[in-house]
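**Student:** Give me a model of this one.
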Amino acid sequence: MALIDKSKEELIQEIGLLNKRIAEIENDRKQQQQQQQQQQMLLKNEEFKRLNNRAKEELEREQNLLKSTLNAMTDIFYAFDKNGKFLIWNDTFRKVSGYSDEELHAMKPQDFFTGEDIGRIAASVEIIWKDGVSKETANFVIKDGTRIPYEFTGAVMKDSAGNIMGFSGTGRDLTESRKVEQALHFNMTKLDLALKSSRMGVWQFNIVEGKRIFDDQVCFLLGIDPVTFRGSKDEFLARVHPEDRERITAGLAHTLDTGEIYETDYRVVWTDGSVHYITARGELIRDNNGVAQLISGVIWDITERKQMDDEKSRLLEIIEQSPDFIGTCDLQGNLQYHNKGAKKMVGLPQDADLSQMKYTDMVPAWAAKLVGEEGIPTAISQGVWRGEIALLHQNGKEFPAEETLVVHRDSSGTPKFFSAIMRDLTERKRAEEQLQKSEIWYKTLFNGSPEGILIADAQTKKFSYANTTICKMFGYDQEEILKLGVADIHPKEFWGHVTAEFEAQARGEKTLAVNMPCLSKNGTTFYADISTAVLTLDGKSCLIGFFTDVTKRKEAEDILYKQTRELKIFYDSCMGREERILELKNELAKLRAELGRS
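**Tutor:** Numbering: from 1, shown residues only. Now for the predicted structure:
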């Protein structure tokens, strides 16, 4: 759709009085003719205004569609230029990251990652430049240092000429999906793309004198000082971007040769180096002899419109590159727009004509009934509806999908059409089934273990999990033992030793504590070897302990120790008598020897 700058809603001011010199030379007949020509110019400017108003309405409708569609998304959204500078992000990105808009302006992709994730994300971006699209999983580091697992999908952005502008993407929080292998809520934010009022100015080009006459507004728009401006061609072209000067000169020459309306867009460069986009319109005015005298017209700044055009192109590129089903339909369910991802998801060729299809052609009967009875009423009353439905593939099979349905209204609040974002849940459902099987398997394995198993928070030392064996070992039921902590299951006189062992194991310095005294519910003490491992649950450091009852072994060891000690005492006493007998024998031998010598 062609966009007309918003400034056309203002009335085109009267071009001005005719040049005094021409008024003095020309007779009354010529003056009357020029007045008629000026009146024709005003009528044409009124036509410009009418066209502009109509174009504004269509532009606002398209922008509202884009904003509302993106607003329905629940994932984080971002876009960067080729130098890694942020172009745009949604409210979800800002809220999740914890950074303000001002802080995000100065950040780059690698600022949200640490360690090996930085290299993976950098490699993923290189794949985007090479292949056009890439998907990577990494820990998204928010402002407070929290690491959140995310799946990032990025796609290259190109302009209409095929030149790469940067890349955009979405990030999906995998925190819940790590528990159920896929938790999906698609949320994208509103983008404020409203057009500001354009500024217009009146200008004349005196063909006879080769002089340009600009009002103050034209001088402002062109970055020219009205006090020093003398109306020369060189002064004017000095402000025009070098690449656009030839187009302006050629356009004026064409109007002089053919009498057609002068119409062109060009850039001006202000003295501060800033670049501004200008649209110029003008009409050739001749004297009674048909000699060209003036080109009179208006200009207005279209910089914001150009930015809006670029933004629209980026947004359309984002929507078209999204793998999700994104589309719109009227209140009767007639399909209007669908992105490439929608057609691909249901098996339609990209050139398929959807204009004769309805929403009910895309979903099974039960899903159509659900949306009709619940989805549409909820969207109309609350603005948005989210639910699980199914889509119909062209092969006749239906597959699960999550739908976000949004109602779009006109300025009076009357519903005008619906937009829908749908995501294939096939993999998520499969993952949930696998997770359920895994949970059953692990519960069977844990509860069937001959060893008692306890999981405790490394900081609070409170228990968060206990298997059946540990409950029997201590005499508690599940509800009772999960209200306890490490200190509650050991005799008080051993708390110092138990705490030291627990903290050493939490630091990873040791993995086995032997003959630990344990206190059961009935007050009796038994002994256990506790082997441990450090793990992270829900972002918290925990210690899992495997308890083996060694009470009988401990009793046997104590008996053995006592018997060994008694044996040693006996042995030591026997050895003492033997030594005394030897000493007496030696003394007797000495006496005999002395008696023999005497």
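**Student:** mind checking the backbone torsions on residue 375?
**Tutor:** Phi and psi for residue 375, reported as degrees, to the nearest 10, are phi -60, psi -50.
**Student:** Surely it is in contact with residue 385?
**Tutor:** Yes: look at residue 375 against residue 385 with CB atoms under 8 Å: they come within range, at 4.5 Å. Backbone N, C-alpha and C define where each C-beta goes, glycine included.
**Student:** Tell me the pLDDT of residue 67.
**Tutor:** Note on residue 67: pLDDT of 59.
**Student:** for residue 18, same thing?
**Tutor:** So, for residue 18, pLDDT stands at 36.
**Student:** Who are the contact partners of residue 94?
**Tutor:** Listed by CB atoms under 8 Å, 6 or more residues apart in numbering, the contact set of residue 94 reads 100-101, 104.
**Student:** low pLDDT regions in the stretch 351-500 of the chain?
**Tutor:** 438-445, 448 (pLDDT under 70).
**Student:** now the helices for it?
**Tutor:** Using DSSP state H, counting those that start in this stretch, the helices of the stretch 351-500 of the chain run over 365-370, 376-382, 426-447, 468-474, 478-481, 495-506.
**Student:** Run through who's touching the first one.
**Tutor:** Counting by CB under 8 Å, 6+ apart, helix 365-370 makes contact with 359-360, 387, 389-391, 398, all of which sit outside it.
**Student:** Which positions in it come out as buried?
**Tutor:** Buried residues in helix 365-370, counted by 16 or more other CB atoms under 10 Å: 367-368, 370.
**Student:** Mind putting the residues you listed into CSV with distance to residue 499?
**Tutor:** Shown next, in CSV, are the buried residues of helix 365-370 (distance: CB to CB, whole Å):
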residue, distance to residue 499
367, 58
368, 63
370, 57
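**Student:** what residues are shared contacts of residue 375 and residue 385?
**Tutor:** By CB under 8 Å, 6+ apart, the residues touching both residue 375 and residue 385 are 403, 405.
**Student:** Dump stretch 111-124 to PDB, restricted to CA.
**Tutor:** Taking C-alpha atoms only, stretch 111-124 is exported to PDB below (Å, rounded to 0.1, in the frame of the first residue of the first chain):
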ATOM      1  CA  ASP A 111      25.500  -9.000  27.000                       C
ATOM      2  CA  PHE A 112      22.700 -11.400  28.000                       C
ATOM      3  CA  PHE A 113      24.900 -14.600  28.200                       C
ATOM      4  CA  THR A 114      27.900 -15.900  30.100                       C
ATOM      5  CA  GLY A 115      30.500 -18.600  29.700                       C
ATOM      6  CA  GLU A 116      30.100 -21.100  26.800                       C
ATOM      7  CA  ASP A 117      26.700 -19.600  26.000                       C
ATOM      8  CA  ILE A 118      28.400 -16.500  24.500                       C
ATOM      9  CA  GLY A 119      30.200 -18.700  22.000                       C
ATOM     10  CA  ARG A 120      27.100 -20.600  21.100                       C
ATOM     11  CA  ILE A 121      25.000 -17.500  20.500                       C
ATOM     12  CA  ALA A 122      27.800 -15.900  18.400                       C
ATOM     13  CA  ALA A 123      27.900 -19.100  16.300                       C
ATOM     14  CA  SER A 124      24.100 -19.000  16.000                       C
END
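**Student:** How far does that stretch sit from its chain's centre?
**Tutor:** Here the centre of stretch 111-124 is set off from its chain's centre by 16 Å, with CA atoms, centre = their mean, to the nearest Å.
**Student:** May I see the buried residues of that stretch?
**Tutor:** Neighbour-count burial for stretch 111-124, counted by 16+ other CB under 10 Å, picks out 111-113, 117-118, 121, 124.
**Student:** what do you get for stretch 235-245?
**Tutor:** Buried residues in stretch 235-245, counted by 16+ other CB under 10 Å: 235-236, 239-241, 244.
**Student:** how about a markdown table for the residues you listed, with secondary structure and pLDDT added?
**Tutor:** Formatted as a markdown table, these follow (DSSP: H, G, I helix; E, B strand; the rest coil; pLDDT from 0 to 100):
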| residue | secondary structure | pLDDT |
| --- | --- | --- |
| 235 | helix | 91 |
| 236 | helix | 92 |
| 239 | helix | 93 |
| 240 | strand | 92 |
| 241 | coil | 93 |
| 244 | helix | 93 |
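**Student:** Nearest to residue 478, out of these: which one, please.
**Tutor:** Closest to residue 478 out of those is residue 241 (75.8 Å), distances taken as CB to CB.
**Student:** Apart from its neighbours in sequence, what residue is nearest that closest one?
**Tutor:** Spatially, and ignoring its direct neighbours in sequence, residue 241 is nearest to residue 267 (3.8 Å; CB to CB, 6 or more residues apart in numbering).
**Student:** Give the full set of residues in contact with the one you found.
**Tutor:** Contacts of residue 267 by CB under 8 Å, 6+ apart are 240-241, 243-244, 275-278.
**Student:** 7 Å instead, please
**Tutor:** Counting by CB atoms under 7 Å, 6 or more residues apart in numbering, residue 267 touches 241, 244, 275-277.
**Student:** Can I get stretch 275-286 as CSV, trimmed to CA atoms?
**Tutor:** Extracted C-alpha coordinates of stretch 275-286, given in CSV (Å, rounded to 0.1, in the frame of the first residue of the first chain):
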residue,chain,number,x,y,z
VAL,A,275,19.8,13.5,7.4
HIS,A,276,16.1,14.4,6.7
TYR,A,277,13.8,13.1,4.0
ILE,A,278,11.7,15.6,2.1
THR,A,279,8.8,15.4,-0.3
ALA,A,280,8.4,18.2,-2.8
ARG,A,281,5.3,19.0,-5.0
GLY,A,282,5.0,21.9,-7.4
GLU,A,283,3.1,23.2,-10.5
LEU,A,284,4.4,25.1,-13.5
ILE,A,285,2.9,28.6,-13.9
ARG,A,286,3.0,30.3,-17.3
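**Student:** buried sites along it?
**Tutor:** So stretch 275-286, judged by 16+ other CB under 10 Å, has buried residues 276-285.
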